[in-house]
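Enquirer: quick one, fold the following:
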Amino acid sequence: MKQKIVFIPLAIFVFLIVVLFIQLYQNLDGDHPSKLESVLIGKTIPEFTLEDLEESGKFYDKTIFNGKPLLLHVWATWCPACYAEHQYLNELAKKKVRIVGLNYRDERVKAIRWLNELGNPYFVSLFDKYGTLSLDLGVYGAPEMFLIDRNGIIRYRHVGEINLHSWNTVLMPMYNSLLREVGL
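Expert: Okay, here's the model as predicted:
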């Protein structure tokens, strides 16, 4: 009887180890936490009306995503990874990469101060105080980046900070491909 009692916890332990190794192997085999699939890939950005972060009373809708490819960057002042990547976003903006900022569940005054002190890489800054658009996009938290084509169709979703490696290996080739499609 005692042998059976010892065997059950051992069997559970071995089972959990096997499951963990399978998960680890899958992550090493190409799955990466920054590549989080979205049901919106291949679909147009959801309908929304949001106020400009810096200019109260000025509103935007999804038509700002029509015309040229761009990045939609979800960020917040309470997000340490957003702070870590901000200088790199400024570098991308200097290289004429079009980025729309989506300030996520934040305080307007803090967000404006952040952009004034650290630089503003966004050609448009949307204020998503209650997270409505972010929720519709399936955002888990900040930072997240969406690559959107000239027709407002979401082509890619990146979770986590953008840095030289993630830009050069994943986002830049896709972004440049979309630019070539429109002759830019």
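
Enquirer: quick one: the strands in this structure?
Expert: 49-52, 59-61, 70-75, 99-104, 124-128, 144-148, 154-159 (DSSP state E).

Enquirer: export those to a markdown table and tack on distance to Ile41?
Expert: For every residue, glycine as well, the C-beta is placed using N, CA and C. Formatted as a markdown table, the strands of the chain follow (distance: least, Cβ to Cβ, whole Å):
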| stretch | distance to Ile41 |
| --- | --- |
| strand 49-52 | 22 |
| strand 59-61 | 21 |
| strand 70-75 | 13 |
| strand 99-104 | 17 |
| strand 124-128 | 20 |
| strand 144-148 | 9 |
| strand 154-159 | 6 |
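
Enquirer: indicate which one of the ones you listed is closest to Val170.
Expert: Checking the strands of the chain against Val170 by Cβ to Cβ gives strand 154-159 as the closest, at 6.8 Å.

Enquirer: what mean pLDDT does that closest one get?
Expert: Across strand 154-159, the average pLDDT comes to 96.

Enquirer: residue ranges with poor pLDDT in this protein?
Expert: Counting by pLDDT under 70, the low-confidence segments of the chain come to 1-7, 9-38.

Enquirer: again, only using 50
Expert: 26-36 (pLDDT under 50).

Enquirer: quick check: domain ranges of it?
Expert: 1-31, 49-181 (automatic domain parsing).

Enquirer: just the ones you listed: most buried one?
Expert: For these, average neighbour numbers computed from mean count of other Cβ atoms under 10 Å are highest in domain 49-181, which has a mean of 17.

Enquirer: residues touching the most centrally placed residue in the chain, list them.
Expert: Against the mean C-alpha coordinate of the chain, by Cα atoms, centre = their mean, the closest residue is Glu144 at 1.5 Å. Glu144 makes contacts with His73, Val74, Leu137, Arg157, His158, Val159, Gly160, as judged by Cβ atoms under 8 Å, 6 or more residues apart in numbering.

Enquirer: export stretch 79-86 to CSV, keeping only CA atoms.
Expert: What follows is stretch 79-86, C-alpha atoms only, in CSV (Å, rounded to 0.1, in the frame of the first residue of the first chain):
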residue,chain,number,x,y,z
CYS,A,79,5.4,50.6,-18.2
PRO,A,80,9.2,50.0,-17.6
ALA,A,81,9.7,48.3,-20.9
CYS,A,82,8.1,51.3,-22.7
TYR,A,83,10.7,53.5,-21.0
ALA,A,84,13.5,51.1,-22.1
GLU,A,85,12.4,51.2,-25.7
HIS,A,86,11.5,54.9,-26.1
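
Enquirer: and for it, what's in contact with it?
Expert: With Cβ under 8 Å, 6+ apart as the criterion, stretch 79-86 contacts Trp75, Ala76, Leu118, Gly119, Pro121, Gly141, Ala142, Pro143, Gly160, Glu161, Ile162, Asn163.
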